[in-house]
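Visitor: for reference, the sequence and a predicted model appear below.
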Amino acid sequence: MHELAQSFKGHFFVVVTSIMLWRLARKNNLDLERASDIDSVTGLHSPSVFMRHVDTLLASQDQQTSYVLVIVDIDGFTSLTNKLGFERTNHLLSDMAHAIEVSTLFDKVTSRVHADRFACLVELDSASDMALYIDRLHRECNRHLQRYEQQATCSIGVALFGPDGDSAARLMTAATRALNDAKKRKGAVTYHDAHLTEQAQKRRQLVSALRVAINNKEIEVVFQPQYRLASGELTGLEVLARWTHETYGVVPPSIFIPLAEEQGFCEDLTALVLEKAAKRLHDNDLLGSVIQRVSVNISAVEFNSESAIRRIDDYLQLNPKFARYLCLEITETAALDDILECARVVDILKRHGVTFSIDDFGVGYTSLGMFNRINVDEIKIDRSFIQSMESDSRTKAITAGIIDIAKRLEINVVAEGVETATQLALLKSFDCEYAQGYYLGYPASLSDLKVAMSV
Ligand code: C2E
Ligand code: CA
Ligand code: CA
C-alpha cells in the first residue's frame with residue numbers, strides 16, 4: 001500500500017512538474033512572439049504583423065476609402081550611423097517613427113520594415129488629400145532628421161491601392177520601386193504613377209516660386225471698392241493679393257493662399273500685403289479723405305499662431321495712423337478653432353484701433369451666439385447667399401434675417417459678391433448697409449479706381 005502511495009506521489013509530481021514546465025514554455029513562446037511583433041527600438045509593428053494587418057484592411061475596404069502606402073527611407077544612413085553612434089541612431093529612429101505616427105489624424109498602420117526604412121499604410125478621404133499629406137510627412141521627417149544632422153534628408157516612395165497594387169505584397173513592391181527612383185535623386189518623393197510624381201514636382205516648384213515671390217516682394221495688391229448703399233458713396237476698400245509669375249502666368253489666390261497657409265508663408269505674405277497697401281494708399285493720398293476703411297484678409301492659420309499675431313501687433317504699433325483705418329477680415333472657420341482664444345486676440349489687436357470683420361459669414365459653423373463672445377464690428381455675408389437670393393426664397397429670408405439681427409447687435413453688414421441690379425435692389429430693401437461686388441466695382445489698382453471714381 002505504502003509503495004503504491006509512493007508511486008502515485010511520484011507520478012503526481014511528474015505530471016504537475018510537466019504541466020508547470022509546459023505552461024512556462026508556452027508563456028515564454030508567447031512573450032517571444034509578442035516581442036517579435038513589436039519593434040523594440042521604435043515601438044512600431046514588425047514587418048510580418050504589418051503585412052498581415054495591411055492585407056486584412058485592404059480586404060475589408062469599401063468604395064469610399066482610398067489607401068496609400070508610403071515608404072520613408074533615410075538617405076546615407078550608414079554614414080549617418082557612423083557619425084551618431086548606436087544610441088543616438090536609435091533615438092533618431094524612434095523620433096522618425098513618432099513623426100510618421102503623428103503626421104496625420106487619418107487611420108494608419110506603421111512599421112519599421114528594415115534598418116532605416118519605414119512603411120505606413122494610410123487611409124485617406126480623397127485623392128486630393130494625398131499630396132498635402134505626403135508633403136507634410138516629408139517635411140516633418142526631414143525636420144526631425146535635421147535635428148540630428150543638418151544636411152540629412154529622407155526619400156519617399158508612394159503607391160496607391162488599386163492602380164498600383166491590390167495586396168500588401170504588390171503595394172510594397174510598387175512603393176519600393178518608386179522609392180528606388182526617389183533615392184537616385186536623394187531627398188525626393190516619387191509616386192509609382194509617374195503622372196502623380198510630375199504633379200507633385202510642379203506643386204513643389206510652385207511652392208519655391210511663391211517663397212521667392214514673397215521674399216522679392218513680387219506679390220501685388222489690388223483694391224475692391226465697398227459702397228454705402230443708402231448714399232451710394234464709396235466708403236472702403238478690400239485689399240486682395242495678386243501674383244503673376246513670369247512662367248506660370250497669373251496664379252489665382254485660390255491656389256497660392258492655401259499653399260502659403262500650408263507652407264507657413266502667411267506671416268510674411270500679410271506683412272507684404274500691409275506694407276504695399278499702406279504705401280499705395282499713402283502715395284495716392286486717399287486714406288482718411290475718401291477712404292475711411294481698408295480691409296485686409298488674415299488667414300485662419302495666422303489667427304491661431306502666437307508669433308503671427310505678435311507680428312501684426314508690432315506692425316500696428318509702428319503704424320498707428322494706418323491701424324485706425326484698418327479692418328482685419330477673418331473667416332468664420334478661423335474664429336471657430338478656439339473661440340475664447342480668438343476673442344482674446346481680437347481684444348489685443350483692437351487696442352490699436354483696428355476693427356474686425358467675419359468674412360464669408362453664413363457658410364461656416366459659427367452660431368449667432370459667437371457675437372456674445374467675440375467683439376466683432378462687421379460681418380460679410382458670403383456671396384453664395386447673395387447669388388441665390390433672387391431664385392431661392394429661403395435664402396432671401398435668411399439673408400434678410402442675418403441683416404436684421406446684425407443691425408440689432410450694432411454690427412455692420414457688408415454684402416459681398418453683388419453681381420446684378422436686382423441683388424442690389426433686394427439688399428437695399430433689406431436695409432443692408434454696405435455692399436461690394438462686380439456690379440459695383442471690380443478689384444483694381446488704385447490708379448484705375450481713382451479714374452473710375454474721378455477723385
Ligand atoms: P474673399 O476674402 O472672400 O475675397 C473676395 C473674393 O471674391 C475675391 O477673389 C474677389 O475678387 C471676388 N469677388 C469680388 N466681387 C465678386 C463678385 O461680384 N462675384 C464673384 N464671383 N466674385 C467676386 P480673389 O481675389 O480671387 O480672392 C479669393 C480669396 O483669396 C479671398 O476671398 C481671400 O480669402 C483670399 N485672399 C485674397 N487676398 C488675400 C490676402 O492678401 N491674404 C489672405 N490671407 N487671403 C487672401
Ligand atoms: Ca475677404
Ligand atoms: Ca469673402
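Guide: Received, thanks. Residues are numbered from 1 along each chain as shown. Ligands and ions are numbered 1, 2, ... in the order given.

Visitor: who in this protein is up against ligand 2?
Guide: Applying CB under 5 Å from the ion, one finds that the chain approaches ligand 2 through 297, 329, 359. (Glycine included, C-beta is placed from N, CA and C.)

Visitor: at 6 Å what do you get?
Guide: Within the chain, the positions adjacent to ligand 2 are 238, 297, 329, 359 by CB under 6 Å from the ion.

Visitor: put together CSV for those, with pLDDT and secondary structure on each row.
Guide: Shown next, in CSV, are the residues of the chain next to ligand 2 (pLDDT from 0 to 100; DSSP: H, G, I helix; E, B strand; the rest coil):
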residue, pLDDT, secondary structure
238, 98, strand
297, 97, strand
329, 95, strand
359, 92, strand
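
Visitor: quick one, helices of the stretch 201-350 of the chain?
Guide: Applying DSSP state H, counting those that start in this stretch to the stretch 201-350 of the chain gives helices spanning 253-263, 266-283, 300-303, 306-318, 320-325, 332-336, 339-350.

Visitor: ignore the last one, the stretch 51-200 of the chain
Guide: Per DSSP H, counting those that start in this stretch, the stretch 51-200 of the chain has helices spanning 77-101, 128-146, 168-185, 194-215. These are given in chain order.

Visitor: as TSV, those helices with mean neighbour count would be great.
Guide: Compiled in TSV, the helices of the stretch 51-200 of the chain are given as follows (neighbours: other CB atoms under 10 Å):
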stretch	mean neighbour count
helix 77-101	16
helix 128-146	17
helix 168-185	19
helix 194-215	15
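
Visitor: give me the domain ranges for this protein.
Guide: Domain assignment for the chain by automatic domain parsing gives 47-192, 218-435.

Visitor: which one of those domains lies nearest to residue 199?
Guide: Across these, the minimum distance to residue 199, taken as CB to CB, is reached by domain 47-192, at 7.0 Å.

Visitor: need the distance between the two termini of that closest one.
Guide: When the termini of domain 47-192 are compared using CA to CA, to the nearest Å, they are 21 Å apart.

Visitor: next, count neighbours for the residue nearest to residue 311 when sequence neighbours are not counted.
Guide: With CB to CB, 6 or more residues apart in numbering as the criterion, residue 311 has its nearest non-adjacent residue at 5.6 Å, and that residue is residue 267. When counting by other CB atoms under 10 Å, one arrives at 20 neighbours for residue 267.

Visitor: worst average pLDDT in the helices of the stretch 201-350 of the chain?
Guide: Least confident of the helices of the stretch 201-350 of the chain, judged by mean pLDDT, is helix 332-336 with a mean of 64.

Visitor: can you list the residues of this structure near ligand 1?
Guide: Taking CB under 6 Å from any ligand atom as the measure of proximity, the chain contacts ligand 1 at 224, 240-241, 252-254, 257, 273, 297-299, 359-360, 383, 417-419, 437-438, 443.
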